[in-house]
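Asks: Sequence and predicted model, in that order:
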Amino acid sequence: MNFLRLLIKIPLLVIVIIFAVINNDFATFNIKPFDISITVSLSVLILALFFAGYLLGRIDSFVANAPLRAQLRSQKKTNKALNKEHEKLNATVSNLQENLENLKNAEPATPKTPFSERFKSFFSFKK
């Protein structure tokens, strides 16, 4: 994307500089309420207005993208909080798995009573 921007900016800058060099006359501007007249070279005026427009456009794009930057910051905070929670959950799961392994190793396996014996004991009286 930066290459495309440079591909547009450089020829535009060259065209504006050539246009400014060709117009080498002087222009007089009158400021009505104050009765002030200013004489300026057109080449200087063209370049000054071009760069003022460029800076104004950059400021406008900066201000227009402010909500996007704020949203990006909030998403980064949310992602950081979720990553911390994920790490805690991973630690808890690994701790639980370790506890399960310890319990399996600690208790000897008791033989299970067959179904037939459990069924017989269901109908017998206990004293």
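Replies: Structure received.

Asks: now the helices for the protein?
Replies: Secondary structure of the chain (DSSP state H): helices at 2-22, 42-64, 66-106, 115-123.

Asks: residues of the first one that come out buried?
Replies: Going by neighbour count (16 or more other C-beta atoms under 10 Å), the buried part of helix 2-22 is 16, 20. Bear in mind the C-beta positions are built from the backbone N, C-alpha and C, glycine included.

Asks: what's the angle between that helix and helix 42-64?
Replies: Angle, helix 2-22 to helix 42-64, by axes from the mean of the first three to the mean of the last three C-alpha atoms, to 10 degrees: 150 degrees.

Asks: Just list what helix 2-22 packs against, helices and strands only.
Replies: Packed against helix 2-22 by the contact rule (3 or more C-beta pairs under 8 Å, 6 or more residues apart in numbering; DSSP states H and E) you find helix 42-64.

Asks: looking only at pLDDT, what's the mean for the helix it packs on?
Replies: Taken as a whole, helix 42-64 has a mean pLDDT of 93.
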